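Asker: predicted model and sequence below, questions to follow.
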Amino acid sequence: MYVAAVCQIPKKLVKEVEGLLYEFLWNGKTHKVKTKVVIQEYENGGCKMVDLEAMIKAQQIKMIKRLLANENLLWKPTMEAIIGISNLDLFLRSNFLVPKNASNFYTAVLKSWKEFKYETFNSKEDILNQYLWYNAKLKITNKTIYLKSFDDCGIRKIADITNEDGSFKSYNDVCSIFNTATTNAASYAKVVKAIPTDWKELIKKREIYVIDNNCYVNNNGDKTELQNMDQKSIYKALVIKKLDRSAAYKKYTATYNLDEDEWKSIYLMPHTLPISNKAKEMHYKIVHGYVATNHLLYKMDIMNSDVCNFCKHCEQTAFHLFYDCNHVKRLWLAVEQWLTREYGIDLKFCAKDVLLGAVEKNNFINSVICYARLYITKCKIQDKQIAIEGFLNLIENEGVLYPI
């Protein structure tokens, strides 16, 4: 017996636990990155923070998967009785309405399933695969339809009552094909009438279609069979649906014309480099736009001025701090000369490389970039002058090695 079938976790408790998790993540301070970003995989700019809501929904959808995969589960009749339907398998596959009289737990389960279920009405195939029974789009006297006598003889989908040309079978033809009683002609006529007019137009189109009984879900925009997904993949699909891009993402995309593949490389970069956690954290701060520059601290009323503490002249934004300041430019020039002198590497750092990493370069170059940014930040915090010697000492202490 499924213990979760009688247990509903209050939303208030979920919020309270999530609050504690984020209190720990941000050390009791203001959240710097959107929650919908933090919960994502590394490749989407997140740090895999647990999403309790998605975790609970994934467990609920896993329950639906078990229900659909096993016709003989002992607790199926219990669920049917509680939500007031006659054919649970068909109900869960259909475009159902969540019953108002269901228990809190089953209401939550059905809502989670309805949100995740693949349901579109854009093609002939979509419409022909729609179920006639328990379908929110098909109503008689403002109620969804279920005719047990039709269901028992195998009449379930719109395709079952439709001819190749998109017209509907006569009731006598239906009786002959499905061996059903000839006394339900009036009910059959009502069912056909209940089918939306725009659907009737769609099924007249000359399109190739497939009729199957698989149950599909919306997996990040892709139509995927539920039975091919485990709880982990369901959880990931629920999380990615929440993805919301940061302001920094939009700004950098517009400035440097970045595509999704480049962003994945940028986001994954610190997880593939042999660098310290501090250097990884700095990369994360830059790509998500919350580096503690004087410009940001001034806006937060923490500092009295937004002027750069190196050049004492310009507003200190992230672009200025890591690339445009004359003192920083001299450091990058010295690093370029050091790379040429020591390793025969001839390159010029551009703003995109400095801020987001040089995705087309090797791990050594990107490790150098990450530690240079960390060194610049340390000099800012400690109010020290930038010097190539200080940077070289840092990477020597960190053990940054040129690949042989």
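Answerer: Nice, I can see it.
Asker: give me the below-cutoff pLDDT ranges for the stretch 151-300 of the chain.
Answerer: 182-183 (pLDDT under 70).
Asker: need the three-state assignment for residue 312.
Answerer: Following DSSP: H, G, I helix; E, B strand; the rest coil, residue 312 is assigned to coil.
Asker: could you do residue 95 as well?
Answerer: Residue 95, by the three-state scheme (three-state DSSP), is coil.
Asker: wouldn't it be in contact with residue 127 here?
Answerer: No - applying C-beta atoms under 8 Å as the test, residue 95 and residue 127 come out as separate, 11.0 Å apart. Every residue, glycine included, has its C-beta placed from N, CA and C.
Asker: compare the two (neighbour count), which wins?
Answerer: The residue with the greater number of neighbours, taking residue 95 and residue 127 and applying other C-beta atoms under 10 Å, is residue 127; the counts read 26 against 16.
Asker: after the strand or helix carrying the more buried one comes which helix or strand?
Answerer: For residue 127, the host element (DSSP states H and E) is helix 124-128. For helix 124-128, the succeeding helix or strand toward the C-terminus, using DSSP H and E, is strand 139-140.
Asker: and that next one, which strands flank it?
Answerer: Here strand 139-140 has these sheet partners by DSSP bridges: strand 143-144 (antiparallel).
Asker: tell me the mean pLDDT over the strand it pairs with?
Answerer: Per-residue pLDDT values over strand 143-144 give a mean of 94.
Asker: just give me the longest helix of the chain.
Answerer: With residue count as the measure and DSSP state H as the assignment, the chain has helix 363-382 as its longest helix.
Asker: packing partners for that one?
Answerer: When contacts are defined as 3 or more C-beta pairs under 8 Å, 6 or more residues apart in numbering; DSSP states H and E, helix 363-382 packs onto helix 260-272, helix 277-287, helix 326-343, helix 351-356, helix 388-398.
Asker: swap the cut-off to 7 Å and go again
Answerer: Here helix 363-382 touches helix 277-287, helix 326-343, helix 388-398, going by 3 or more C-beta pairs under 7 Å, 6 or more residues apart in numbering; DSSP states H and E.
Asker: pick the most buried one from the ones you listed.
Answerer: The highest average neighbour count among the helices and strands packed on helix 363-382, using mean count of other C-beta atoms under 10 Å, belongs to helix 277-287 at a mean of 19.
Asker: before we move on, the earlier item: distance between the helix holding residue 127 and the chain's centre?
Answerer: Its chain's C-alpha centre and that of helix 124-128 lie 27 Å apart, by C-alpha atoms, centre = their mean, to the nearest Å.
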